[in-house]
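what follows is a predicted structure for the sequence shown.
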Amino acid sequence: MRTLKFLLAALILAPSVVLAAEGAHLDRAPDRSGNNAALQNGAKLFVNYCLSCHGASAIRYNRLTEIGLKPEQIEQNLMFAAEKIGDPMAVAIHPAEAKKWFGVTPPDLSLVTRARASESGSGADWVYTYLRSFYRDAERQTGWNNHVFANVGMPHILFNLQESLSAAEYDEQVGDLVGFLTWLAEPEAEFRKRLGVGIFLFLIALFVVSYALKKEYWKDVH
């Protein structure tokens, strides 16, 4: 039921997302699939910079073991807004307070890389470009604006991180964060890919065996 609600939310958000990204050039997000070290760093960035306002409540903390983290590592380093490792990655801030501060309730990010997909590029490309497109704007309440999402209510939460790193290093960090968000949207993606390859190889082997049996069966007829 929870997954269905998030899918419905993604469908509702999709039209506004296309309008927000229309005409924007999207940089390609680096592929972090299968890179557990990058995904673990992305999880750390998400918890430290995003989880105070944005939840990922379709995922429970204990699923982070699937990217190579041990339960004790999750409990000691990533669980600031939950009591049990089986709890969902819910937002720390109260939605009403967030709406008062930012003018809008920050969305749950469980499916953000799916919801942000458009003809301009993948959802991962959108988020990757968006997080690297903030600029100072004194007319905005937050002091920030964004080239990809004009007049967005969110401030530049990664500003301090960006200031402390070179441009290339910051892009790497954002890539890890987006990689984790991509994993959040479909944790089973790697298994699905491996399963697909396995089925394809099985079908090839089945074809070879079937063809050999056919030749053996029909050899006297021909």
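The structure has been received and is ready for your questions.

disregarding flanking residues, what is the spatial nearest neighbour of V112?
Counting by C-beta to C-beta, 6 or more residues apart in numbering, the nearest residue to V112 once its immediate chain neighbours are dropped is L181, at 5.8 Å. In this view, the C-beta of every residue, glycine as well, is placed from N, C-alpha and C.

would you mind identifying the next helix or strand past the helix or strand where the one you found lies?
In the assignment (DSSP states H and E), L181 maps to helix 167-185. Next in sequence after helix 167-185, counting helices and strands by DSSP H and E, comes helix 189-218.

so that next one versus helix 167-185, what angle?
Helix 189-218 and helix 167-185 are oriented at 60 degrees to each other (axes from the mean of the first three to the mean of the last three C-alpha atoms, to 10 degrees).

and the residue most central in space within the chain, how far from A56?
The residue lying closest to the centre of the chain (C-alpha atoms, centre = their mean) is L181, at 1.9 Å. Per C-beta to C-beta, to the nearest Å, L181 is found 8 Å from A56.

can you check K215 too?
55 Å.

what's the domain layout of the protein?
2-187, 190-222 (automatic domain parsing).

if you compare those domains, which one is most tucked away?
domain 2-187 (a mean of 17; mean count of other C-beta atoms under 10 Å).

from the chain's centroid, how far away is that one?
7 Å (C-alpha atoms, centre = their mean, to the nearest Å).

over to stretch 200-213?
37 Å.

which elements pack onto the longest strand seen in the chain?
With secondary structure taken from DSSP state E, the chain has its longest strand at strand 56-60. Judged by 3 or more C-beta pairs under 8 Å, 6 or more residues apart in numbering; DSSP states H and E, the packing partners of strand 56-60 are helix 2-21, strand 88-89, helix 167-185.

the residue nearest to V112 is in contact with D125, isn't it?
No: L181 is beyond contact range of D125, at 12.0 Å (criterion: C-beta atoms under 8 Å).

quick one on the thing from earlier: how far off helix 167-185 does the longest strand of the chain point, in degrees?
70 degrees.

avg pLDDT for strand 56-60?
Per-residue pLDDT values across strand 56-60 average out to 93.

so what strands line up beside it?
Sheet pairing here is set by DSSP bridges, and for strand 56-60 it gives strand 88-89 (antiparallel).

ok, back up a step: can you give me the pLDDT of the residue nearest to V112?
pLDDT at L181 comes out at 97.

run through the residues that contact it.
G42, F46, L109, V112, T113, A124, V127 (C-beta atoms under 8 Å, 6 or more residues apart in numbering).

confidence score at A10?
39.

would you single out the least confident of the domains of the chain?
domain 190-222 (a mean of 73).

for it, what is the distance to the chain centroid?
37 Å.

what do you get for stretch 175-193?
Its chain's C-alpha centre and that of stretch 175-193 lie 6 Å apart, by C-alpha atoms, centre = their mean.

return it as PDB; C-alpha atoms alone will do.
Provided in PDB are the C-alpha atoms of stretch 175-193 (Å, rounded to 0.1, in the frame of the first residue of the first chain):
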ATOM      1  CA  GLY A 175      27.000  11.900  -8.000                       C
ATOM      2  CA  ASP A 176      27.200   9.600  -4.900                       C
ATOM      3  CA  LEU A 177      24.100  11.300  -3.400                       C
ATOM      4  CA  VAL A 178      22.100  11.000  -6.700                       C
ATOM      5  CA  GLY A 179      23.300   7.400  -7.000                       C
ATOM      6  CA  PHE A 180      21.900   6.600  -3.600                       C
ATOM      7  CA  LEU A 181      18.600   8.400  -4.500                       C
ATOM      8  CA  THR A 182      18.500   6.200  -7.600                       C
ATOM      9  CA  TRP A 183      19.000   3.100  -5.500                       C
ATOM     10  CA  LEU A 184      16.200   4.300  -3.200                       C
ATOM     11  CA  ALA A 185      13.700   4.400  -6.100                       C
ATOM     12  CA  GLU A 186      14.400   0.800  -7.000                       C
ATOM     13  CA  PRO A 187      16.600  -1.200  -4.600                       C
ATOM     14  CA  GLU A 188      15.900  -4.400  -6.600                       C
ATOM     15  CA  ALA A 189      17.400  -2.900  -9.800                       C
ATOM     16  CA  GLU A 190      20.700  -4.800  -9.700                       C
ATOM     17  CA  PHE A 191      18.900  -8.100  -8.900                       C
ATOM     18  CA  ARG A 192      16.500  -7.500 -11.700                       C
ATOM     19  CA  LYS A 193      19.500  -6.900 -14.100                       C
END
